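Peer 1: here you go, sequence then predicted model.
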Amino acid sequence: MTEPMDGHDRIVSADADGPEEEVIEAALRPKKLDDFIGQERVREQLSLVLHSALRRGRTPDHVLLSGGPGLGKTTLAMIIAAELGRPLRISSGPAIERAGDLAAVLSTLSEGEVLFLDEIHRMARPAEEMLYMAMEDFRVDVVVGKGPGATAIPLDIAPFTLVGATTRAGMLPGPLRDRFGFVAHMDFYEPAELEVIVQRSARLLDVEISDAGAAEVAGRSRGTPRIANRLLRRVRDYAEVRADGAVDLELARAALKLYEVDERGLDRLDRAVLASLMRKFGGGPVGLSTLAVSVGEEPETVEVVAEPFLVRQGLLARTPRGRVATPAAWAHLGLTPPPSAPMAGTLFALDDDADRPEQ
Ligand SMILES: Nc1ncnc2c1ncn2[C@@H]1O[C@H](COP(=O)(O)OP(=O)(O)OP(=O)(O)O)[C@@H](O)[C@H]1O
């Protein structure tokens, strides 16, 4: 029986795991666009947006950064402010519960300041409407009083650049999305890019790592710099305690085996889901709740924490009839599918259909 785990317990979670990790992350953040590794297209486009604004002596267009957790949105927002030589104000959608909260932030911005709003898709609706006007006209209407006596007092605000970040670009209302002059979609990183990130972080953390060791850590990092940095720190711990502190291929493999992160970046929960699907249900199709019970987890944990990566890796398919292990999953766990195992492709493996009730 596996111990239940939630997303935050996981070494391979893309979410930051607390204030301690945030301090380390801050130390590892590249400070200039030139030091930001990967995301070539975004970097080039952003460089043009920023430098042409600097040339013209204007505040640049508002920027929307969309992409999964841990891909470098906060890092890019900090870089934008640094490249412009302007201060950065940081807030987030969930922290802005009322329009007044946003007015308080906007009215105290200095000219050219960069305002970073993380998780912008989670902002309260009235604040969102105030933001439209602020982004377009650098003006807000502050409503004073209540009921029929309420009056809107227009307030000019200093021209600023908004950098919004979202993991769910599709959830942003059209009028908000349209007010960003530049939208950057951040993709998962290639192993070669992550390898450079691991080498750079190792230098900053004063860890000696071989090229093959760095490649091994990178290859298990699920395309995500935050996970790469976390795995590197765990491998470093292992190297310090069990060896002389240096990381080579063999040591990286031994450390990651101890932390139960396999060569494709799957951890214990991911493998438990696949193993159960194959061993107990012949590869599926099986409903989400049944699958979750079989691994001792809540359906939500399986759906939100394990499945997206398994689907992205082509190891699991979500079909209208339930979850199905793909041939790649059988191969990955070294199991042989029974002759009756379904072929995922024949079950209309459409991700969108996964939300439909299962039979
Ligand atoms: N391109 C990159 N080059 C080097 N390091 C990077 C890069 N992108 C991210 N990192 C590192 O990964 C960690 C996480 O990045 P960051 O906090 O910017 O991600 P995020 O997308 O804002 O995550 P979240 O959505 O969870 O807030 C940081 O330590 C950062 O230094």
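Peer 2: Received the coordinates, thanks. Numbers count the residues shown, from 1 in each chain.

Peer 1: only C-alpha atoms from now on, for both contacts and neighbour counts.
Peer 2: Noted.

Peer 1: near the ligand, which residues of the stretch 1-150 of the chain are found?
Peer 2: 15-16, 25-26, 28-30, 36-38, 69-75 (C-alpha under 6 Å from any ligand atom).

Peer 1: can you do 5 Å?
Peer 2: Within reach of the ligand by C-alpha under 5 Å from any ligand atom, the stretch 1-150 of the chain has these residues: 15, 25, 28-29, 36-37, 69-75.

Peer 1: helices - which of the residues you listed land there?
Peer 2: Glu25, Leu28, Lys73, Thr74, Thr75 (DSSP state H).

Peer 1: can you tell me how far the third one is from Val207?
Peer 2: Which is Lys73. Using C-alpha to C-alpha, to the nearest Å, Lys73 is found at 26 Å from Val207.

Peer 1: check the last one too.
Peer 2: Per C-alpha to C-alpha, Thr75 is found 22 Å from Val207.

Peer 1: ok, the fourth one next?
Peer 2: Taking C-alpha to C-alpha as the criterion, Thr74 is separated from Val207 by 25 Å.

Peer 1: follow-up on the earlier one: which pair in the ones in helices among the residues of the stretch 1-150 of the chain next to the ligand spans the largest distance?
Peer 2: Greatest spatial distance among these (C-alpha to C-alpha): Leu28 and Lys73, at 14.0 Å.

Peer 1: neighbour count winner among those two?
Peer 2: Using other C-alpha atoms under 10 Å as the criterion, Leu28 and Lys73 rank with Lys73 on top: 25 against 19.

Peer 1: which residues touch the more buried one?
Peer 2: By C-alpha atoms under 8 Å, 6 or more residues apart in numbering, the residues touching Lys73 are Leu65, Ser66, Gly67, Ala165.

Peer 1: in a markdown table: the residues you listed, plus distance to Glu240 and neighbour count.
Peer 2: Output for the contacts of Lys73, formatted as a markdown table (distance: C-alpha to C-alpha, whole Å; neighbours: other C-alpha atoms under 10 Å):
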| residue | distance to Glu240 | neighbour count |
| --- | --- | --- |
| Leu65 | 37 | 24 |
| Ser66 | 37 | 21 |
| Gly67 | 34 | 19 |
| Ala165 | 37 | 28 |
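
Peer 1: got CSV for these, with secondary structure and distance to Leu266 too?
Peer 2: Putting those into CSV (DSSP: H, G, I helix; E, B strand; the rest coil; distance: C-alpha to C-alpha, whole Å) gives the following:
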residue, secondary structure, distance to Leu266
Leu65, strand, 27
Ser66, strand, 24
Gly67, coil, 21
Ala165, strand, 27
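
Peer 1: closest to Lys280 among those?
Peer 2: Gly67 (35.1 Å).

Peer 1: any idea how far the closest one is from Ile227?
Peer 2: Counting by C-alpha to C-alpha, the gap from Gly67 to Ile227 is 15 Å.

Peer 1: what's the pLDDT at the one residue sitting closest to the centre of the chain?
Peer 2: Taking C-alpha atoms, centre = their mean as the criterion, Pro69 is the residue nearest the geometric centre of the chain, at 1.2 Å. pLDDT, Pro69: 88.

Peer 1: what about the strands in the stretch 251-359 of the chain?
Peer 2: Under the criterion DSSP state E, counting those that start in this stretch, the stretch 251-359 of the chain contains strands at 316-319, 322-325.

Peer 1: farthest-apart pair in the contacts of Lys73, please.
Peer 2: Gly67 and Ala165 (8.0 Å).

Peer 1: against Ala243, how distant is the residue of the stretch 201-350 of the chain found nearest the ligand?
Peer 2: With C-alpha to the nearest ligand atom as the measure, Arg226 is the residue of the stretch 201-350 of the chain nearest to the ligand, at 3.9 Å. Distance from Arg226 to Ala243, counting by C-alpha to C-alpha: 25 Å.

Peer 1: ok, the two, which is more surrounded?
Peer 2: Arg226 (25 against 12).

Peer 1: ok, for that one, nearest residue in space, not its chain neighbours?
Peer 2: Gly70 (4.9 Å; C-alpha to C-alpha, 6 or more residues apart in numbering).

Peer 1: how about the contacts made by the one you found?
Peer 2: By C-alpha under 8 Å, 6+ apart, the contact set of Gly70 is Ala14, Asp15, Ala16, Thr224, Pro225, Arg226, Ile227.

Peer 1: tabulate those in CSV, adding columns for pLDDT.
Peer 2: CSV is the format used below for the contacts of Gly70 (pLDDT from 0 to 100):
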residue, pLDDT
Ala14, 83
Asp15, 84
Ala16, 80
Thr224, 93
Pro225, 95
Arg226, 94
Ile227, 94
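
Peer 1: mean confidence (pLDDT) on the helix or strand containing Ala81, please.
Peer 2: Assigned by DSSP states H and E, Ala81 belongs to helix 73-84. The pLDDT scores in helix 73-84 average 96.

Peer 1: same check, this time on stretch 28-40
Peer 2: Mean per-residue pLDDT for stretch 28-40: 93.

Peer 1: what's the angle from the lowest-mean-pLDDT helix or strand in the chain to helix 73-84?
Peer 2: Across the helices and strands of the chain, mean pLDDT, DSSP states H and E gives its lowest value to helix 19-28, namely a mean of 83. Helix 19-28 runs at 40 degrees relative to helix 73-84, counting by axes from the mean of the first three to the mean of the last three C-alpha atoms, to 10 degrees.

Peer 1: next one: the nearest residue to Pro87 once chain neighbours are set aside relative to Ile79, how far apart?
Peer 2: Nearest residue to Pro87 in three dimensions, chain neighbours excluded: Glu113, at 5.3 Å (C-alpha to C-alpha, 6+ apart). The gap separating Glu113 from Ile79 is 13 Å, by C-alpha to C-alpha.
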